[in-house]
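> Only the shape, not the letters, is given here:
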DNA sequence: GTTACGTATGTCATCGATAACATAAGCTCA
DNA sequence: TGAGCTTATGTTATCGATGACATACGTAAC
């Protein structure tokens, strides 16, 4: 290009803005951070200079000097329901964004603690101001404790280190409500297709199921275990379909319920005429299953926003555990038993 | 605490490590970055000191001095399919992680360009080294161009600014393949439930549908437009169910297909006996729809990893557009027309 | 009319890693 | 053996914003 002399395309710095506006760099800093002690007139000049130069503040420098990155880390598990992961990501990002925080994510591939430690280290390296752990891991290692002691941490539906606060949907209640619904319809027994036992929410939902049965004086049948996928629900459904007196099933997730229903249908068991089924999550497709699923709604978006709020409000609050309630959406996959 | 004197809990710095290891800070830096010119012996001493002090490098300082943040930004749209968003996030994060990059996300709530600009600015402020835009936005504004000129950018299934490279699944081909499948089965006409027209993939899939019909010498009926949700599919399905000669439908997403199928069934039209339906995505639940959906598989995970690879390999490659092919999964929602 | 205080702004050192340059030691080859 | 190169390490300046402190001015109070 034969243009006029141009500076070597360096991003303008605060000093450049200061020079243009005829003030000091510190004043620019103050003006941009809405410090009270700046004349409106000065602020206007600074903002004009910012606009003119296309100035963009350098986050790294800010972090280095102030020690705070205005970034929070989010740890997610790669497997498991797509739906909940997407909802959690969106919820965290929205709440963080509103508070002026960026979100850095770390996805871990499996539930082992080594991966978990590496992810936390990675986020710690980035200098995040806080961490939301959305991994339903039960065991917590010493190294994880080390990191969560240094950085404020909130676990979402997961295990609690002694230094992290936690928040979650009341999964046990979700399991109890689902099971109660079936019992209230007149079913004498409720079978359960559970999630993997390492998952805390799977365990809690199972406990809720057991609790509801116990309260009704019913001995729980052995639970069948899936891996959250529709496919695993299908496999367990093939087993359930072969047990004659099954009239009611509580599946630990909508996706597994889809699989269970297909297996039952293939074996000639109609839903809800022969077998009622209730599950948990209320994903968008739940209403479009055939039949539409009765399911316990989980507001991931809301609970994850709440997790961020909890994280940002600091330790002062003294709150260490928050529980978000779950509510039942009754649709067409449940009905009274035929012979009741 | 009446413990012995402890330093005021400051994170150890490279200088501390250097002192402990008996070398200079620069050598520590080199050792940790696997610079070739470090004696194995020295490196060992440094690593031992790192271990002993629990040293963790300060990313902000690194960014400030090297100008590179080892972070890439990911821009996502909050609405639209949960499934694809989760898959894209996972794919980007995995590929980035493998290359030693962190991922910072910015979700935008709506398709307007103002939000888009703000998200890009936010990422630019954070000093990301590159940006993956997974937003199927068509219009591109000047401000967006400004940012994508400064920072390497790859768009995933989206619009191309002149400065961003792009990569995507061949959506037009996906639409063509889906439509051809129905025509090959003997259907004389194929109706279409499209995605929102501002979405590039919706538009391309529609074009593929039109192309396939044109190649067969068939005039395309007016497309019906949904918003990707199962609910919108249901509403359009109620219209289709009232048109007697509809025997084949191409839905632009699996989720909408679920809705269409339910509406058809409620109106007594059987799938696939009366109406065949094919869609796009191949989400996990597609095989558990009733009937199981014939659908065009989209490998979001792979294409998003590829996007990161494209981003990181730099401009040198000269590649500006990569297209990932799509493949058909034939299941039970399509069949030859009854009277053919 | 001096003291005291508040407000607006400037100066300087600092955060921690790194690039650029400097140095010292070891090696090769004429 | 010493010029010339390579390799390992040290020294110094630097990135850009900010906290702590300093200064200059105005205004209220005695």
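In hand now; what should we look at? Remember, predicted model here, so these are calculated numbers, not experimental data. Numbers count the residues shown, from 1 in each chain, chains lettered A, B, ... in the order given.

> Could you pull up the mean pLDDT of stretch A:258-278?
In this model, stretch A:258-278 has a mean pLDDT of 96.

> so, in contact with chain B or not, it?
Yes - Stretch A:258-278 reaches chain B (C-beta under 8 Å from any C-beta of the partner chain) through A:258-259, A:261-262, A:265. (Glycine included, C-beta is placed from N, CA and C.)

> starting at the chain centroid, how far to that stretch?
30 Å (C-alpha atoms, centre = their mean, to the nearest Å).

> One more: stretch A:324-335?
Per C-alpha atoms, centre = their mean, the centroid offset for stretch A:324-335 relative to its chain is 21 Å.

> Can you get me the start-to-end distance on that stretch?
This stretch, stretch A:324-335, spans 28 Å end to end (C-alpha to C-alpha, to the nearest Å).

> Mind listing what's buried along it?
A:324, A:326, A:328, A:331, A:333-335 (16 or more other C-beta atoms under 10 Å in any protein chain shown).

> between these, which is nearest residue B:84?
Taking C-beta to C-beta as the measure, residue B:84 sits nearest to residue A:331 out of these, at 25.5 Å.

> tell me the contacts of the residue lying closest to residue A:84 once chain neighbours are set aside?
Spatial nearest neighbour of residue A:84, chain neighbours left out: residue A:300 (5.1 Å); criterion: C-beta to C-beta, 6 or more residues apart in numbering or on different chains. Neighbouring residues of residue A:300 by C-beta atoms under 8 Å, 6 or more residues apart in numbering or on different chains: A:83-84, A:87-88, A:91, A:169.

> rerun at 6 Å
Counting by C-beta atoms under 6 Å, 6 or more residues apart in numbering or on different chains, residue A:300 touches A:84, A:87-88.

> Flag every residue of chain A that's near DNA strand D.
When proximity is defined by C-beta under 7 Å from any atom of the strand, chain A lies next to DNA strand D at A:10-11, A:13-15, A:25-26, A:29, A:32-33, A:57-58, A:61-62, A:64-66.

> which element is the residue nearest to residue A:212 when sequence neighbours are not counted on?
Leaving aside its sequence neighbours, residue A:212 sits nearest to residue A:179 (C-beta to C-beta, 6+ apart; 3.6 Å). Applying DSSP states H and E as the criterion places residue A:179 in helix A:171-184.

> Please apply the same query to residue A:146.
Counting by DSSP H and E, residue A:146 is found in helix A:142-150.

> any chance you could map the strands in the stretch 51-200 of chain A?
Per DSSP state E, counting those that start in this stretch, the stretch 51-200 of chain A carries strands over the ranges A:71-77, A:102-108, A:130-134, A:153-156, A:165-169, A:191-194.

> How about the stretch 101-250 of chain A: which residue is closest to DNA strand D?
Residue nearest to DNA strand D within the stretch 101-250 of chain A (C-beta to the nearest atom of the strand): residue A:127, separated by 12.9 Å.

> That residue contacts residue B:59, correct?
Yes - Residue A:127 is within contact range of residue B:59, at 5.2 Å (criterion: C-beta atoms under 6 Å).

> Can you list the low-confidence ranges for chain A?
In the predicted model, chain A carries pLDDT under 70 at residues A:1-10, A:314-321, A:339-340.

> At the contact with chain B, which residues of it appear?
A:56, A:59-61, A:63-64, A:78, A:82-83, A:85-86, A:90, A:93, A:102-105, A:107, A:125-127, A:230, A:258-259, A:262, A:284-285, A:288, A:290 (C-beta under 6 Å from any C-beta of the partner chain).

> domain assignment for chain A?
Using automatic domain parsing, the domain parsing of chain A gives A:14-57, A:68-169+A:301-324, A:171-298.

> ok, the first one near DNA strand C or not?
Yes - Domain A:14-57 lies within reach of DNA strand C by C-beta under 7 Å from any atom of the strand, at A:22-27, A:30, A:36-39, A:41-42.

> which of those residues count as buried?
A:23, A:27, A:30, A:38, A:42.

> quick one on the thing from earlier: closest one of the contacts of residue A:300 to DNA strand C?
Comparing the contacts of residue A:300 against DNA strand C with C-beta to the nearest atom of the strand places residue A:88 closest, at 31.5 Å.

> Do I have it right that the closest one meets residue A:304?
Yes - when contacts are counted by C-beta under 6 Å, residue A:88 is listed as touching residue A:304 (4.5 Å).

> the more surrounded of these two?
Counted by other C-beta atoms under 10 Å in any protein chain shown, residue A:88 and residue A:304 do not tie: residue A:304 has more neighbours, with 29 against 24.

> thought residue A:250 was touching residue A:192?
Yes - contact criterion C-beta under 6 Å: residue A:250 and residue A:192 qualify, at 5.0 Å.

> between the two, which one's more packed in?
residue A:250 (29 against 25).

> Quick check: that one is in a strand.
Yes - if the criterion is DSSP: H, G, I helix; E, B strand; the rest coil, then residue A:250 is within a strand.

> so who does residue A:204 touch?
A:171-172 are the contacts of residue A:204 under C-beta under 6 Å, 6+ apart.

> Could you check how far it is from residue A:237?
Per C-beta to C-beta, to the nearest Å, residue A:204 is found 23 Å from residue A:237.

> and if you look at residue A:284?
Distance of residue A:284 to residue A:237, given as C-beta to C-beta: 22 Å.

> Which one's more surrounded, those two?
residue A:237 (32 against 19).

> Give me the nearest residue to the more buried one, chain neighbours excluded.
Nearest non-adjacent residue to residue A:237, counting by C-beta to C-beta, 6+ apart: residue A:263, 2.8 Å away.

> What of residue A:272?
Nearest non-adjacent residue to residue A:272, counting by C-beta to C-beta, 6+ apart: residue A:335, 3.8 Å away.

> Assumed the one you found was part of a helix.
No - counting by three-state DSSP, residue A:335 is not found in a helix; it is coil.

> so who does the residue most central in space within chain A touch?
By C-alpha atoms, centre = their mean, chain A has its centre lying nearest to residue A:88, at 3.5 Å. Listed by C-beta under 6 Å, 6+ apart, the contact set of residue A:88 reads A:134, A:300, A:304.
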